[in-house]
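Peer 1: Quick one, what's the 3D model for this:
(one chain, ligands or ions: 1)
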Amino acid sequence: MKYIAFVEQRSGQIKKNGFEVVRASSNLAKETNSEVIAVIIGKNISSLASELGGFGANKVIVIDDARLENYSTTAFASIINQVVKKENGNILFLSATAMGRDLAPRLSVKLNAGLAVDCTSLKNENGKIIATRPVYAGKGLIEVSLTTSVQIFSLRPNVFNAGDSSNEQATIENFTPELNDEDFKVQVVAVETSSGKKDVAESSIIVSGGRGLRESGNFGLVEKLAEVLGAAVGASRAVVDAGWRPHEEQVGQTGKTVSPTLYIAVGISGAVQHLAGMSSSKCIVAINKDKEAPIFSIANYGITGDAFEILPALTSQLKIFFGKS
Ligand code: FAD
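Peer 2: The predicted structure is shown next:
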């Protein structure tokens, strides 16, 4: 069997979810005696290929092309389709990120492949892959298997452990796909990056704020705590919808899925759609003035009280603790 693992990179750096996809494929491949072929696409990214052997790739196919500097739905889908066909790949793994969610259905059509999205675990049963995926906003879990000859599984980011890199090396192969103007009919025309800000999907500590903070200006309290902890700032959908915070910070079913070491939820009630994105965090601390708030049901530590009193006190104590005062 051949497993193809699509690896996302941004600005010349492999995303954490890229390592997770390769490791998850490799763990299964060991049981099924399969080969893992990682695919990486972009401009000036050839040097990244050598990083993937250490996470379990046997071979890395590199598509390095100046036209692929920015993501293009159509071009990337065309390339991955060509790679899967060229390699006679049986299973394609990618991340259930914004990019993966965009690519997976297109590839499902191109490859006539069954698709299981947002998988949170994978296992092998007699050579068949059984995936677990959440349904009803995480209220339930189902196990699915696919019956098509080519199969696609998108993996929820921050759930599969990439582990540490070993000294293993993969074979590296450059591939020049056939691309014409039609393949670039969907193009990214501008990329806006927020400089210096930590991405919630990549950070090991997150301080998230919700509607309990009353107005956008009060997020300064969340930002100060995040700064002391070296954390990313997250947000509930209520505050994103209100325009207090950008969508890139939203955690939850329609935002990002996170699994940090520490998640601090401030003034967030704990609606099921929010929990769907953060319940796998290693340690959850909830600050809420309502002791009945659902967030407390999944919190490891709960502080019942007013965020406007607790946040400044916590921040100043932590500043002393970290010697930052
Ligand atoms: P609220 O529910 O209003 O909670 C505010 C909390 O703050 C309350 O618990 C209150 O007790 C507390 N509070 C008030 N004042 C203070 C104070 N001074 N100090 C401390 N605590 C205080 N939501 C998401 O977050 N992410 C998603 O991705 C998402 N996707 C959704 C998808 C769908 C299809 C739908 C229908 C909904 C989705 N939602 C999502 C919305 C979700 O249902 C909730 O409406 C939202 O999470 C509520 O945000 P909140 O907890 O900030 O606000």
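
Peer 1: With adjacent residues omitted, what lies nearest to the one residue sitting closest to the centre of the chain?
Peer 2: Closest residue to the average C-alpha location of the chain: residue 157 at 3.0 Å, with C-alpha atoms, centre = their mean. In space, and not counting its chain neighbours, residue 157 is closest to residue 17: 4.1 Å by C-beta to C-beta, 6 or more residues apart in numbering. Where C-beta positions appear, they are placed from N, C-alpha and C, glycine not excepted.

Peer 1: average model confidence for the strand or helix carrying the one you found?
Peer 2: Residue 17 belongs to helix 16-32 when assigned by DSSP states H and E. Averaged across helix 16-32, the pLDDT comes to 97.

Peer 1: in the stretch 51-200 of the chain, which spans are strands?
Peer 2: For the stretch 51-200 of the chain, the strands defined by DSSP state E, counting those that start in this stretch cover 59-64, 91-95, 114-119, 121-125, 128-135, 140-144, 151-155, 171-174.

Peer 1: dump the residue contacts of the residue nearest to residue 63 when sequence neighbours are not counted.
Peer 2: Among residues not flanking residue 63 along the chain, residue 41 sits closest, at 4.6 Å (C-beta to C-beta, 6+ apart). Residue 41 makes contacts with 9, 63, 68, 76, 79-80, as judged by C-beta atoms under 8 Å, 6 or more residues apart in numbering.

Peer 1: how about the residues of this protein that lie near the ligand?
Peer 2: Neighbours of the ligand within the chain, by C-beta under 6 Å from any ligand atom: 210-212, 236-239, 250-255, 267-269, 271, 273-274, 277, 287-290, 293, 306-308.

Peer 1: ok, now which ones touch the residue nearest to the centre of the chain?
Peer 2: Contacts of residue 157 (C-beta under 8 Å, 6+ apart): 16-17, 20, 95-97, 201, 256-257.

Peer 1: repeat that for 7 Å
Peer 2: By C-beta atoms under 7 Å, 6 or more residues apart in numbering, the contact list for residue 157 reads 17, 20, 95-97, 201, 257.

Peer 1: hmm, back to that, which of the contacts of residue 41 count as buried?
Peer 2: 63, 68, 76, 79-80 (16 or more other C-beta atoms under 10 Å).

Peer 1: Out of these, which two sit at the greatest distance?
Peer 2: 68 and 80 (11.9 Å; C-beta to C-beta).

Peer 1: any chance you could map the helices in the stretch 201-325 of the chain?
Peer 2: 219-229, 237-241, 272-278, 307-321 (DSSP state H, counting those that start in this stretch).

Peer 1: rank these by pLDDT, which is bottom?
Peer 2: helix 272-278 - the lowest mean pLDDT of those, at a mean of 93.

Peer 1: Mind listing what's buried along it?
Peer 2: 273-278.

Peer 1: Tell me the one of the buried ones among the contacts of residue 41 nearest residue 180?
Peer 2: Nearest member of those to residue 180, counting by C-beta to C-beta, is residue 79, at 12.3 Å.

Peer 1: Excluding residues flanking it in the chain, which one is nearest that closest one?
Peer 2: Residue 79 sits nearest to residue 177 (C-beta to C-beta, 6+ apart), 4.6 Å away.
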